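[1] Here's a sequence, model it:
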Amino acid sequence: MEQTIYFQDKSLTFSRVQAPSADFVIPSEEAGSLTRAKVLKIFETHNSLVALSNEPEAAFRRFGEEFTGVEAAGGVVVNPRGEWLMIRRNGRWDLPKGHVEPGESFDRCAEREIEEETGVKARVLRPLCDTYHAYFFPPTERWELKRTHWYLLRATELQSLVPQTEEGIVEVAWCNPTQIDEQLKASYPTIRRVVEALRSVGRR
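    Numbers count the residues shown, from 1 in each chain. Here you go, the predicted structure:
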């Protein structure tokens, strides 16, 4: 099974086959010993990398050893009108999510973070997908690899929308399908991946 790590708008995918969208291919003899430094160097001139491997999950795990692992959860909240809950932070539209607290389950974390970031109480209906996001965290001076567990949730009541401004959230909105498509154009690729997972559920 292939695994993708996002570095903001850039991506590194460990796969058995070359993806048509990739603009740089790392051969299989190098994938097992791939380093973060090499990937960051390639990202200076390319946006989408594929590391070929007969064992992509094993190569992914080895690469992940260069990072501190972080667990998070969040999701897509749907209301009775079929609208989705989105937040705007750092100039982009996003989905609510946050770090898992000690002893907390992933689904409970998603419900808690959504309420904290938006003011909306919601309950998990089903899991959607997991995404991986790599970034440098200045306060601890370390590279982190965040795995976010994404869920589909339903709003239990239509409360007032309250953005968690201390977390940099400047707007919370219920979005119809047309608005969602427009906002995804300038969103993060991880968010587009979550939306793809949700829409694939609807096509089954």
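
[2] rest of the way, CA atoms for contacts and neighbours
    Noted.

[3] Which strand or helix spans the residue located most distally from the centre of the chain?
    Distance from the centre of the chain peaks at E29, with 28.8 Å (Cα atoms, centre = their mean). Assigned by DSSP states H and E, E29 belongs to helix 28-31.

[4] So for that helix, what gets flagged as buried?
    Neighbour-count burial for helix 28-31, counted by 16 or more other Cα atoms under 10 Å, picks out S28, A31.

[5] Let's see it as CSV, backbone CA atoms only.
    Output in CSV follows, covering the C-alpha atoms of helix 28-31 (Å, rounded to 0.1, in the frame of the first residue of the first chain):
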residue,chain,number,x,y,z
SER,A,28,14.0,1.7,-5.7
GLU,A,29,17.7,1.2,-4.9
GLU,A,30,17.6,4.6,-3.1
ALA,A,31,14.2,4.5,-1.5
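
[6] With only the CA atoms kept, save the next helix or strand along the chain from it in PDB.
    Where DSSP H and E defines the elements, the next helix or strand beyond helix 28-31 is helix 36-42. Extracted in PDB, the C-alpha atoms of helix 36-42 (Å, rounded to 0.1, in the frame of the first residue of the first chain):
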ATOM      1  CA  ARG A  36      15.000  14.000   5.000                       C
ATOM      2  CA  ALA A  37      17.900  16.200   3.900                       C
ATOM      3  CA  LYS A  38      17.900  14.600   0.400                       C
ATOM      4  CA  VAL A  39      14.100  15.100   0.100                       C
ATOM      5  CA  LEU A  40      14.300  18.700   1.200                       C
ATOM      6  CA  LYS A  41      17.000  19.300  -1.400                       C
ATOM      7  CA  ILE A  42      14.900  17.800  -4.200                       C
END
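
[7] Now tell me what touches helix 36-42 from outside.
    F63, E66 (Cα atoms under 8 Å, 6 or more residues apart in numbering).

[8] next helix or strand past it?
    strand 48-52.

[9] helices or strands up against whatever helix or strand comes next after that following strand?
    Counting by DSSP H and E, the next helix or strand C-terminal to strand 48-52 is helix 56-64. Here helix 56-64 touches strand 3-7, strand 10-15, going by 3 or more Cα pairs under 8 Å, 6 or more residues apart in numbering; DSSP states H and E.

[10] and of those strands, who's closest to L153?
    strand 3-7 (24.1 Å; Cα to Cα).

[11] which secondary structure elements does the helix holding E29 contact?
    Using 3+ Cα pairs under 8 Å, 6+ apart as the contact test, the elements touching helix 28-31 are strand 48-52.

[12] before we move on, the earlier item: mind listing residues that contact the helix holding E29?
    F14, A51, L52, S53, N54, A59.

[13] before we move on, the earlier item: separation between the residue farthest from the centre of the chain and T178?
    Taking Cα to Cα, to the nearest Å as the measure, E29 falls 45 Å from T178.
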